[in-house]
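structure here, sequence nowhere to be found:
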Ligand SMILES: Nc1ncnc2c1ncn2[C@@H]1O[C@H](COP(=O)(O)OP(=O)(O)O)[C@@H](O)[C@H]1O
Ligand SMILES: [Mg+2]
């Protein structure tokens, strides 16, 4: 059984009489331990697809299995639970809370899970360690560089011990050195912990470090291919 399977997924948005079809029948299977990049021009539906994969949004039609559950049949509460339990999110703009320091930001999703303060602190410290930022734990976002902020965001995703990390243009706001640093962390998490990673990127050299690329064009899969290990 794959980790997730999308079958003939569509998503349209309605405003007044106008109906915009954003995803037009996407089939996608992701196995546990996969490292997939979604590429495509701006507006081709990449974020819409990632949001559906992450249970932040629902398809208009089609079926979606995630860890053997048929997602489109679940209510909002159950969906939030699955999201919380299995998925860590990383966004282009980091989405850290300005008033909290790095450690508190990392602990936040664990509070929602009802985990006690001692265990929260331990998990947060381990996660910050994994991204090389233990020494910055008391810093607030404005005291961190872009690359460091993204590493805190990855630590926050990691602290919940997710099966899968979903990242929407995680290197999009970073220079190439910091972008590469993020990719090195993803590669390590994928190889050493078997965490499944699905990332959206428009950068070829970033995508090439994953194992598979799915090209979207105008809401459809234009092509899909594997990356040979030798060129990663
Ligand atoms: N909530 C929404 N309501 C209406 N249109 C939307 C909504 N979200 C996305 N779209 C439209 O769907 C298309 C694809 O958006 P998106 O998935 O964000 O593309 P990408 O991430 O590939 O740039 C765009 O034309 C966008 O305007
Ligand atoms: Mg997008």
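Right, received. Where do you want to start? The shown structure was predicted, so the numbers you read here are calculated from the model rather than taken from an experiment. Ligands and ions are numbered 1, 2, ... in the order given.

what does this structure have sitting close to ligand 2?
Taking C-beta under 5 Å from the ion as the criterion, the chain approaches ligand 2 at residues 46, 47. Where C-beta positions appear, they are placed from N, C-alpha and C, glycine not excepted.

please repeat the previous calculation with a cut-off of 8 Å.
42, 46, 47, 48, 50, 168, 169, 200 (C-beta under 8 Å from the ion).

I'd like to know which elements the helix ranked longest in the chain is packed against.
The longest helix of the chain (DSSP state H) is helix 176-193. Contacts defined by 3 or more C-beta pairs under 8 Å, 6 or more residues apart in numbering; DSSP states H and E place helix 176-193 against strand 35-39, helix 146-159, strand 164-168, strand 196-200.

could you check the angle the last one makes with strand 164-168?
Strand 196-200 runs at 10 degrees relative to strand 164-168, counting by axes from the mean of the first three to the mean of the last three C-alpha atoms, to 10 degrees.

off-centre distance for strand 196-200?
6 Å (C-alpha atoms, centre = their mean, to the nearest Å).

residue 158 is in contact with residue 110, correct?
No. Counting by C-beta atoms under 8 Å, residue 110 stays clear of residue 158, with 11.1 Å between them.

so which residues on this protein come close to ligand 1?
13, 20, 22, 40, 42, 43, 44, 45, 46, 47, 48 (C-beta under 6 Å from any ligand atom).

and these, which two are the farthest apart?
13 and 40 (17.7 Å; C-beta to C-beta).

okay, those two: which has more neighbours?
residue 40 (22 against 11; other C-beta atoms under 10 Å).

contacts only, for the more buried one.
46, 202, 215, 216, 217, 222 (C-beta atoms under 8 Å, 6 or more residues apart in numbering).

and of these, the nearest to ligand 1?
Looking at the contacts of residue 40 and their distance to ligand 1, the nearest is residue 46, at 3.4 Å (C-beta to the nearest ligand atom).

tell me the pLDDT at that closest one?
Residue 46 is assigned 97 on the pLDDT scale.

just to revisit the earlier point, adding distance to residue 130 and secondary structure, write the contacts of residue 40 out as a markdown table.
Formatted as a markdown table, the contacts of residue 40 follow (distance: C-beta to C-beta, whole Å; DSSP: H, G, I helix; E, B strand; the rest coil):
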| residue | distance to residue 130 | secondary structure |
| --- | --- | --- |
| 46 | 27 | helix |
| 202 | 27 | coil |
| 215 | 31 | strand |
| 216 | 31 | strand |
| 217 | 36 | strand |
| 222 | 35 | strand |
